[in-house]
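In: Give the three-dimensional model of this entry:
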Amino acid sequence: REFDAIAKEIEFQELEIQLAEKHIREFEASLESKTLSLESVEAKLAERSSHLDFKKKELDNIILETQREEELLLAKSETLSAVVGDDRLLSAYRRIRDKVRNGLAVVSIERGASAGSFFTIPPQRQMEIAQRKKITIDEHSGRILVDPLLAQEEEQKMAIELSSILG
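Out: Just a heads-up that it's a prediction; the model follows:
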């Protein structure tokens, strides 16, 4: 009887050993697949970090190129804000600029809607804006609306002025 018990115990231990060896093989296979995936992820990380460095250098170059232009435009903005006599109007303009996402307080009408919103502007209102008799505010975005022709003229003036200053 003891012999049978010992034989069963040996058989049970052999099965335990086989099970443990199977687990070891599974873990080794898992470890190998994870090292392969780690290598591929590290390669992607190196590629993306080099791409990020390239883009950062590109951004720095663009910032350096536009820094002078930005300084000139800020100086012009300060001089023009001194010319505007109405402080209430100027503070409203600055409040609109701070509130909107891209900082554009004065926008033109594009395809029947203001440039910062997708809500269409009625034709009667568009005619009032085209007459340029008063300052018109968009009901939805709160931006100041101007005629597309006026916006285009001002963009051309600014481009000419900047090109003459920047040389």
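In: Could you chop this protein up by domain?
Out: 1-83, 86-167 (automatic domain parsing).
In: so which of those domains is the most packed in?
Out: Ranked by mean neighbour count, these are led by domain 86-167 with a mean of 14 (mean count of other C-beta atoms under 10 Å). Quick note: C-beta positions are derived from backbone N, CA and C, even for glycine.
In: any idea which helix or strand comes after the one helix or strand in the chain whose mean pLDDT sits lowest?
Out: One helix or strand of the chain scores below all others by mean pLDDT, DSSP states H and E: strand 113-114, with a mean of 72. Using DSSP states H and E, the helix or strand that directly follows strand 113-114 along the chain is helix 123-131.
In: following that next one, which helix or strand shows up next?
Out: Scanning forward in sequence from helix 123-131 by DSSP H and E, the next helix or strand is strand 136-137.
In: same for that following strand, what does it pack against?
Out: Applying 3 or more C-beta pairs under 8 Å, 6 or more residues apart in numbering; DSSP states H and E, one finds that strand 136-137 makes contact with helix 123-131, strand 144-146.
In: what sits up against the last one?
Out: Going back to what we said before, that points to strand 144-146. 93, 96, 105-109, 114, 121, 129, 132, 135-138 (C-beta atoms under 8 Å, 6 or more residues apart in numbering).
In: redo that, cut-off 6 Å
Out: 105-106, 108, 114, 129, 136, 138 (C-beta atoms under 6 Å, 6 or more residues apart in numbering).
In: Which strands and helices lie in contact with whichever helix or strand comes after it?
Out: For strand 144-146, the succeeding helix or strand toward the C-terminus, using DSSP H and E, is helix 148-166. Applying 3 or more C-beta pairs under 6 Å, 6 or more residues apart in numbering; DSSP states H and E, we find helix 148-166 packed against strand 106-110.
In: helices or strands next to the strand it packs on in the packing?
Out: strand 144-146, helix 148-166.
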